[in-house]
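J.: coords please:
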Amino acid sequence: TERLAGSKTLTSLNELDSQFREIQLELEFNTNIYKTNLSALEAARLEAARRLKFLIVVAEPSLADESEYPQHEYIIVTWAMVLLIAYLVLSLMVSIIREHA
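T.: Numbering: from 1, shown residues only. Alright, predicted model coming up:
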């Protein structure tokens with residue numbers, strides 16, 4: 001029975017060693033991925049800092065005193081003229097039809 005008990009302990013130690021090596025490999029793999037991503041992040045930060053040098057503030061933004069667009073008066077006058085012309089054309093057509101009838 002001692003051999004059987006020792007065998008079980010040996011098997012469990014082998015399993016533990018196997019699990020430990022798996023975890024160690026996984027840790028190494030994840031560490032390499034982390035290092036790669038960290039270097040990519042650093043490269044992106046350097047690129048962003050390099051591009052930021054070209055951005056300068058020329059003037060601070062400010063609210064307009066009055067709006068330029070849409071020009072409400074222009075729109076109203078234009079629609080009034082279009083409607084007036086349409087009314088004149090229609091009334092001319094009606095008078096021509098009445099004259100011929």
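
J.: Let me see the domain layout of the chain.
T.: 1-58, 63-101 (automatic domain parsing).

J.: and the last one, which residues are buried?
T.: So the one you mean is domain 63-101. Buried residues in domain 63-101, counting neighbours by 16 or more other C-beta atoms under 10 Å, are absent. In short, each C-beta sits where N, CA and C put it, glycine included.

J.: to the chain's geometric centre, what's the distance from that domain?
T.: Relative to its chain's centre, domain 63-101 lies at 44 Å (C-alpha atoms, centre = their mean, to the nearest Å).

J.: and it, average pLDDT?
T.: Average pLDDT, domain 63-101: 93.

J.: Please, where are all the helices along this structure?
T.: 2-52, 72-100 (DSSP state H).

J.: tell me which strands and helices the first one is in contact with?
T.: This points to helix 2-52. Here helix 2-52 touches no other helix or strand, going by 3 or more C-beta pairs under 8 Å, 6 or more residues apart in numbering; DSSP states H and E.

J.: same deal with the shortest one?
T.: Contact here means 3+ C-beta pairs under 8 Å, 6+ apart; on that basis helix 72-100 packs against no helix or strand.

J.: Tell me, how many residues neighbour residue 58?
T.: The number of residues packed near residue 58 is 4, by other C-beta atoms under 10 Å.
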